[in-house]
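Trainee: Here is a sequence with its predicted model. Questions after.
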Amino acid sequence: MSNPVRMCIVCRGRFLKSQLIRLQYKEGELIKFSGVGRSFYVCRDCVDNNRIVDCIIKTCKIDKGLKKILKQSLKEIFVYG
């Protein structure tokens, strides 16, 4: 039995899949992974990192003008789940 290892998009650290938060940018909205489509992982240490929004913009190829909206979406996801 193998334990899948995934990489955090912010710190590039490798962690067990169960230790990471899986997110997705779908239809112009940042959400927790819905089970369909492309996604990315963020480690729990990088949740408070200031670079997280910039890394999401780069990974998902999003317009930099949406930075403020992404910050708000991240806050909602991490606070309310």
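Mentor: Nice, I can see it.
Trainee: So which residues of this structure form helices?
Mentor: Counting by DSSP state H, the chain has these helices, from start to end: 52-60, 67-80.
Trainee: by contact count, what packs against the shortest one?
Mentor: I take that to be helix 52-60. strand 20-26, strand 40-43, helix 67-80 (3 or more C-beta pairs under 8 Å, 6 or more residues apart in numbering; DSSP states H and E). In short, each C-beta sits where N, CA and C put it, glycine included.
Trainee: Quick one: mean pLDDT for it?
Mentor: For helix 52-60, the mean per-residue pLDDT is 93.
Trainee: can you pull the contacts of residue 5?
Mentor: By C-beta atoms under 8 Å, 6 or more residues apart in numbering, the residues touching residue 5 are 14-17.
Trainee: To what extent is residue 20 buried, counted in neighbours?
Mentor: By the criterion of other C-beta atoms under 10 Å, residue 20 has 22 neighbours.
Trainee: isn't it right next to residue 8, touching?
Mentor: Yes - look at residue 20 against residue 8 with C-beta atoms under 8 Å: they come within range, at 6.5 Å.
Trainee: which neighbours do those two share?
Mentor: In contact with both residue 20 and residue 8: 41-43, using C-beta under 8 Å, 6+ apart.
Trainee: Highest neighbour count among those?
Mentor: Top of those by neighbour number is residue 42, holding 22 neighbours under the definition other C-beta under 10 Å.
Trainee: Excluding residues flanking it in the chain, which one is nearest that residue?
Mentor: Here the nearest residue to residue 42 in space, its sequence neighbours aside, is residue 21; by C-beta to C-beta, 6 or more residues apart in numbering that works out to 5.0 Å.
Trainee: Same question for residue 3.
Mentor: Using C-beta to C-beta, 6+ apart, the closest residue to residue 3 is residue 16 (5.3 Å).
Trainee: show me the residues around that neighbour that make contact.
Mentor: Counting by C-beta under 8 Å, 6+ apart, residue 16 makes contact with 3-6.
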